[in-house]
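> Predicted model follows, preceded by the sequence.
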Amino acid sequence: DLKTFSVRRCRLAALPDAIGNLSELLHLDLSANELRTLPRSIAQLKASCRLGIGRNPLQTPPIEVASQGIIGIRGYFEQLDAGAVVSTRLKVVLCGDGEAGKTSLRNAV
């Protein structure tokens, strides 16, 4: 049974769904690739599996989630399945004196 799997610096752009079938895996190093998404099946790995995911342009799940390991990734996909929506919107309130340029700044953004 495979315990450690490293594909560090292999220029991977995607992982196969079968990655979740590595049920005995204890360490998975995906660092320094070109991964933008992780397959949902990765959440099937053991919660104790150490995941190296740094230096990837990861978007799904966000790198902040993936950095939490398998438990964080599992929770992210469970929340999406339960109807949670990922939002990239941010509300900004600009305060300042009149004629200070708040409207110009808002229009520029």
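Happy to help now that I have it.
> Gly20 in helix, strand or coil?
With DSSP: H, G, I helix; E, B strand; the rest coil as the basis, the three-state label of Gly20 is helix.
> What is the neighbour count of the nearest residue to it once chain neighbours are set aside?
Closest residue in space to Gly20, ignoring its immediate chain neighbours: Ser41 at 2.9 Å, by CB to CB, 6 or more residues apart in numbering. Glycine gets a C-beta too; all of them are placed from N, C-alpha and C. Around Ser41 sit 16 other residues, with neighbours defined as other CB atoms under 10 Å.
> okay but Ser41 is in contact with Ser23, surely?
No: at 11.3 Å, Ser41 and Ser23 do not qualify as touching, with contact defined as CB atoms under 8 Å.
> and Ala14, what does it touch?
With contacts defined as CB atoms under 8 Å, 6 or more residues apart in numbering, the neighbours of Ala14 are 35, 37, 39.
> what about the nearest residue to Ile71 once chain neighbours are set aside, neighbour count?
Leaving aside its sequence neighbours, Ile71 sits nearest to Ala47 (CB to CB, 6+ apart; 5.1 Å). The local packing count at Ala47 equals 9, with neighbours defined by other CB under 10 Å.
> I figured Ala47 hits Gln68, correct?
No: look at Ala47 against Gln68 with CB under 8 Å: they stay out of range, at 10.9 Å.
> Quick one: the strands in this protein, in order.
Ranges of strands within the chain are 4-6, 27-29, 50-52, based on DSSP state E.
> In this structure, where's the longest helix?
The helix of greatest length in the chain, counted in residues with DSSP state H as the criterion, is given as helix 70-81.
> now the helix or strand of the chain with the lowest mean pLDDT, how far from the centre of its chain.
Across the helices and strands of the chain, mean confidence by mean pLDDT, DSSP states H and E is lowest for helix 102-108: a mean of 87. Offset of helix 102-108 from its chain centre (CA atoms, centre = their mean, to the nearest Å): 32 Å.
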